[in-house]
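Student: Mind looking at a prediction? Sequence and model below.
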Amino acid sequence: MILDSESFFDAIGRPTHDAWNEIYEAEWECTFGDIKGSTIMSALRDHLALLQDENCCYCRQPLLKGGYSRQIEHVLPRAVYGRFSFHFWNLAVVCERCNRIKSEEGYQPVPLDLNDYPDHTSFSDYFHPRFHTHKGHISFTEVACSDFRYIVYVGQTPQGRKLVENVLNAATLEMTRESTDAVIQTAMEKIRLGASQHGVAAVEVVRDFEAALRDAIEQGAV
């Protein structure tokens, strides 16, 4: 087993590749019955979301129910920093929107060959949701009415300004666009909820569909 002889907080000796999906699909037999990796991750998601008061770790908007809307965030991307995929301080819960936008931007603030997880001093230019308090680095104001919603994020520190630049400016633009059409917003919420109930493959299909739809809108095709 990948985790049998490892300390949860020690990355030394862990595989350098991303084993997240491998664990998700795994199943173990024990005295009290079978344990699935997906069940462990679901419990982990609930615990992390509770620590965050059920708000996204980046935009601080309320998390919707369902795995697709409450995604486990790897602060240091698991595809790049594979050995930290299961490190507790590298995990948070994020909304689908912020997770997707941050992934597109890339995030490599520390050397790739680290054995131990970096401490908070290594994130002088990047916001780390487990090491930094949101209100200490970012402030935001929201204006909303029955058919319109607009949010302005302002970075108060270098880390906060980096997050606003890389993630939150794009996120608030999407939130505003969705808020102007209640029909589209409701339809997308139903699609996301349905995908979360049909596993990883369905989630990936919906994510690709949303990306294609956004591209079409940007290009004026629809």
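Tutor: Okay, I see it. Residues are numbered from 1 along each chain as shown.
Student: now the helices for the chain?
Tutor: For the chain, the helices defined by DSSP state H cover 20-25, 37-51, 96-105, 134-137, 158-163, 169-179, 182-196, 199-218.
Student: Pull out the buried positions in the third one.
Tutor: Within helix 96-105, the residues that qualify as buried by neighbour count (16 or more other Cβ atoms under 10 Å) are Glu96, Arg97, Cys98, Asn99, Arg100, Ile101, Lys102, Ser103. For every residue, glycine as well, the C-beta is placed using N, CA and C.
Student: ok, so of those, who is nearest Arg78?
Tutor: Of all the buried residues of helix 96-105, Arg78 sits closest to Ser103, with 10.3 Å by Cβ to Cβ.
Student: Excluding chain neighbours, what is closest to the closest one?
Tutor: Closest residue to Ser103 apart from its sequence neighbours, by Cβ to Cβ, 6 or more residues apart in numbering: Pro77 at 6.9 Å.
Student: From Pro129, how far out is the one you found?
Tutor: 14 Å (Cβ to Cβ, to the nearest Å).
Student: So these two - more neighbours on which side?
Tutor: Remark: of Pro77 and Pro129, Pro129 carries more neighbours, 21 against 18, as counted by other Cβ atoms under 10 Å.
Student: What does the pLDDT read for that one?
Tutor: We have a pLDDT of 95 for Pro129.
Student: which residues touch the residue nearest to it when sequence neighbours are not counted?
Tutor: Closest residue to Pro129 apart from its sequence neighbours, by Cβ to Cβ, 6+ apart: Cys57 at 3.7 Å. Neighbouring residues of Cys57 by Cβ atoms under 8 Å, 6 or more residues apart in numbering: Glu73, Ala92, Val93, Val94, Cys98, Pro129, His134.
Student: With distance to Asp119 added, can I get the residues you listed in JSON lines?
Tutor: Conversion of the contacts of Cys57 to JSON lines gives the following (distance: Cβ to Cβ, whole Å):
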{"residue": "Glu73", "distance to Asp119": "19"}
{"residue": "Ala92", "distance to Asp119": "17"}
{"residue": "Val93", "distance to Asp119": "22"}
{"residue": "Val94", "distance to Asp119": "22"}
{"residue": "Cys98", "distance to Asp119": "24"}
{"residue": "Pro129", "distance to Asp119": "15"}
{"residue": "His134", "distance to Asp119": "19"}
